[in-house]
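Participant: Prediction below, plus the sequence it came from.
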Amino acid sequence: MFQLSTSQGSLFESQFQMSDKKHKRLEKTWAKIFYERCFALSDESLFRSFYCEDNGAPCKSIRVVVSALILQAIFDLTDAETQAAVDFDLRWHLALGLDPCDDHDYVSQRTLQYFQEKLITHETALLLFNDLTDRLIAELGINTGQQRLDSTHIVSNFAIRSRLGVFCETHRVFLHALRRADMCSDTALLTAVAPSLRRRYMDDEGTDTHYDDARASDSRRRLSVAARDAYRLRETFRGVVLPPAAAEAYALVERLVAEHCTIVAEPSAPAADDGDADLAAVPVVVKEAKTLSASSLQTPHDPDVTYSGHKGQGYEVLIMETCNPTNEVQLITHVSLKRSCESDSERVIPAITALEERGLTPESVLADTAFGSTENVVASAQHGVELISPQPGNAPKEAPHVPEFMVNEHDFQVQLTPSAPPSCCPLGVVAMQTRLLTTDADGPIALLQMPTASCQTCDRRGWCPAMTMENGDTLVMLPLNELLPCWRRADESEDSFRERYNVRAGIEGTNSELKRGQGLGHLRVRGAPRVSLAMYLRMIACNMKRAMRYWGDTRKKANKCIISEDITLKNFNFRFFSFGKTLYYAICGVLSNMIEFRVV
């Protein structure tokens, strides 16, 4: 049953059961700042759908569970290490407001795992990230006008295998699933597999064999044998009703055959020294490695993993964070998980749209060359965002030389964003309106509405691309696919562009912080849903850690100011006392000289 957390503390909390000196040292740690600033930030109503409204026992404090998950991501701990920290670490007691004397005031591994499963089922991790990030931005007064964008490669908990290893491991996963199904019921599914085929990947006791551990000279021949075995397994159990786990493993075998093999008309007979020489020929051959799709099966333990040509197997995480120099601290504003086989250029507009929905639309976004296509620059401009990125590809052709009396399209100036100078022609006539359009045939174009009166009296009207429409408007249509690369190349040669673009390099430090500090580089989970949850929790942890560091530094500066004021006041009192004492003796000396004492 859903129940809101209470803010009532206990007199038996750990912080009240220690000496004053230890208590003061405890309050100087991160735990005090986390409890005061971060603990109450989470909105528990986001998780109301997890529980029944009027039935069952009250749920564990959602605020405590969410905070424990955030701290787990901050310190990159396992579930067991997290439970140990909740039970025995005084800093965690203070950060979570726990009472060590209460047997029910704790967070178990099962609670953490169940809550994570509910986050995945209800798809609430993104809502949690957006809610906490928006609250931090509001509390810290972060300026989101300037942001930077980048993607980084991550790997889930799987072993990177050769192509032969992928075949053999997929067979083992399916054979183990059949064996478990036979042990849990009266079926005899494993007996349908040929004994020689089974023993290549698993012995009679269920232990894995090492058929994929081959020399380079033998791997090609064994790969063909493994491909034929995959076809035999697929045909043996085609149409057979299997238990859920075995059916899931069988689907991987089907996918393996479809993506890594080619079905031929004539069966290919095994060679005399092949491992499957005792079995019948099957019509299947292995595809060439160069013909494989990047989205093909990479490992049976994580079917969502894809391949990137220059990054390898894994996932891609798109990160956008603030980079305004006026901010005291920069926060991650948007994050998304994508497949490694997908292009980075397709992720810019969805990221900008997601920020628009939250009211965090940036004025400018700095990104590397992979994101800076002409289409992305124009599409970003249609959202009112300036995409600052180097022009990808080779240098475009130079603008064609035209006589001086003609008007060159390359000399037009187009206003892409509201903050840019207004559009104008080479003679300086300012356009009345600028519209950016996207066409299927010519790609993005800029449509400039020029003042008709100025254009009619222009000396170069006959050699200008401006067109007079039936309603009397004068329009200029500029193909941005041809003109924009030249304009961008010219802008990149300016020092002002380099000064603006230098800020983008800071996001590489964010990637390093997430991978080495929060363990994002190699996760302990598998599958896109769990990888996505781990990603969101680590992004929240990174933002929390940065905010806590800023609040901690602010508190230290405040304490130093108080101490310095006390020292200054003491010095003033001491100096004032010394000055008064000196003045007293000086007055006494003057009076002694003025008064004559006579002895009668």
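Facilitator: That came in fine, so what should we check first? Residues are numbered from 1 along each chain as shown.

Participant: what's the distance between Gly309 and Cys341?
Facilitator: As for Gly309, its distance to Cys341 is 9 Å (criterion: CB to CB, to the nearest Å). C-beta coordinates here come from the backbone N, C-alpha and C atoms, glycine included.

Participant: Who has more neighbours out of these two?
Facilitator: Using other CB atoms under 10 Å as the criterion, Gly309 and Cys341 rank with Cys341 on top: 16 against 8.

Participant: Pretty sure that one sits in a strand.
Facilitator: No - read with DSSP: H, G, I helix; E, B strand; the rest coil, Cys341 is coil and lies in no strand.

Participant: residue ranges with poor pLDDT in the stretch 501-600 of the chain?
Facilitator: Applying pLDDT under 70 to the stretch 501-600 of the chain flags the ranges 562-600.

Participant: For stretch 504-514, give me every contacting residue.
Facilitator: For stretch 504-514, the surrounding residues in contact (CB atoms under 8 Å, 6 or more residues apart in numbering) are 148-150, 152, 319, 321, 323, 330, 332, 366-368, 388, 520-521, 538-539, 542.

Participant: before we move on, the earlier item: mutual contacts of Gly309 and Cys341, please.
Facilitator: Ala294.

Participant: Val317 is in what secondary structure piece?
Facilitator: Element membership of Val317, judged by DSSP states H and E, is strand 312-322.

Participant: Give me the sheet partners of that strand and which way each runs.
Facilitator: Applying DSSP bridges to the sheet, strand 312-322 is found paired with strand 146-154 (antiparallel), strand 306-308 (antiparallel), strand 332-339 (antiparallel).

Participant: What are the buried residues along it?
Facilitator: By neighbour count with 16 or more other CB atoms under 10 Å, strand 312-322 contains the buried residues Gln313, Gly314, Tyr315, Glu316, Val317, Leu318, Ile319, Met320, Glu321, Thr322.

Participant: can you give me the helices for the stretch 301-450 of the chain?
Facilitator: 348-357, 374-382 (DSSP state H, counting those that start in this stretch).

Participant: Least confident of the ones you listed, on average?
Facilitator: Among these, helix 374-382 has the lowest mean pLDDT, at a mean of 91.

Participant: And it, what does it pack against?
Facilitator: Using 3 or more CB pairs under 8 Å, 6 or more residues apart in numbering; DSSP states H and E as the contact test, the elements touching helix 374-382 are helix 348-357, strand 386-388, strand 433-439, strand 443-450, helix 480-492.

Participant: and with 10 Å instead?
Facilitator: helix 348-357, strand 364-366, strand 386-388, strand 433-439, strand 443-450, helix 480-492 (3 or more CB pairs under 10 Å, 6 or more residues apart in numbering; DSSP states H and E).

Participant: starting at the chain centroid, how far to the first one?
Facilitator: So the one you mean is helix 348-357. 14 Å (CA atoms, centre = their mean, to the nearest Å).

Participant: Could you tell me the angle between the direction of it and that of strand 332-339?
Facilitator: Orientation check (axes from the mean of the first three to the mean of the last three CA atoms, to 10 degrees): helix 348-357 against strand 332-339 gives 140 degrees.

Participant: Quick one: residues in contact with helix 348-357.
Facilitator: Helix 348-357 is touched from outside by 126, 130, 144, 147, 149, 318-320, 333-336, 338, 360-362, 365, 367, 370-373, 375-377, 379-380, 382-385, 387, 389, with contacts defined as CB atoms under 10 Å, 6 or more residues apart in numbering.

Participant: for that helix, which positions count as buried?
Facilitator: Buried, per 16+ other CB under 10 Å, within helix 348-357: Val348, Ile349, Ala351, Ile352, Ala354, Leu355.

Participant: Report the separation between the residue nearest to Ile332 when sequence neighbours are not counted and Thr299.
Facilitator: Of all residues not flanking Ile332 in the chain, Glu321 sits nearest, at 4.5 Å (CB to CB, 6 or more residues apart in numbering). Distance, Glu321 to Thr299, using CB to CB: 31 Å.

Participant: again with Phe371
Facilitator: Applying CB to CB to Phe371 and Thr299 gives a distance of 29 Å.

Participant: Any stretches of the stretch 1-150 of the chain with poor pLDDT?
Facilitator: 1-3, 6-17.

Participant: can you map out the helices along it?
Facilitator: Using DSSP H, counting those that start in this stretch, helices in the stretch 1-150 of the chain cover 20-27, 30-33, 62-75, 79-88, 90-96, 109-121, 125-140.

Participant: Make TSV out of the ones you listed and add mean neighbour count and distance to Ser42.
Facilitator: Formatted as TSV, these follow (neighbours: other CB atoms under 10 Å; distance: least, CB to CB, whole Å):
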stretch	mean neighbour count	distance to Ser42
helix 20-27	12	23
helix 30-33	21	16
helix 62-75	22	5
helix 79-88	17	17
helix 90-96	22	12
helix 109-121	16	12
helix 125-140	18	6
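
Participant: and Thr438, which of those is closest to it?
Facilitator: helix 125-140 (28.5 Å; CB to CB).

Participant: same for the closest one, what does it pack against?
Facilitator: So helix 125-140, by 3+ CB pairs under 10 Å, 6+ apart, packs with helix 62-75, helix 109-121, strand 332-339, helix 348-357, helix 528-594.

Participant: Determine the angle, from 0 to 180 degrees, between it and strand 312-322.
Facilitator: Using the same axes, to 10 degrees: helix 125-140 against strand 312-322 is 30 degrees.

Participant: Mind putting the helices of the stretch 301-450 of the chain into JSON lines with distance to Phe34?
Facilitator: Shown next, in JSON lines, are the helices of the stretch 301-450 of the chain (distance: least, CB to CB, whole Å):
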{"stretch": "helix 348-357", "distance to Phe34": "27"}
{"stretch": "helix 374-382", "distance to Phe34": "37"}
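
Participant: was I right about Arg555 contacting Lys32?
Facilitator: Yes - with contact defined as CB atoms under 10 Å, Arg555 counts as touching Lys32 (9.0 Å).

Participant: which is the next helix or strand following the host helix or strand of Glu266?
Facilitator: With elements taken from DSSP H and E, the one containing Glu266 is strand 261-268. For strand 261-268, the following helix or strand on the C-terminal side (DSSP H and E) is strand 282-286.
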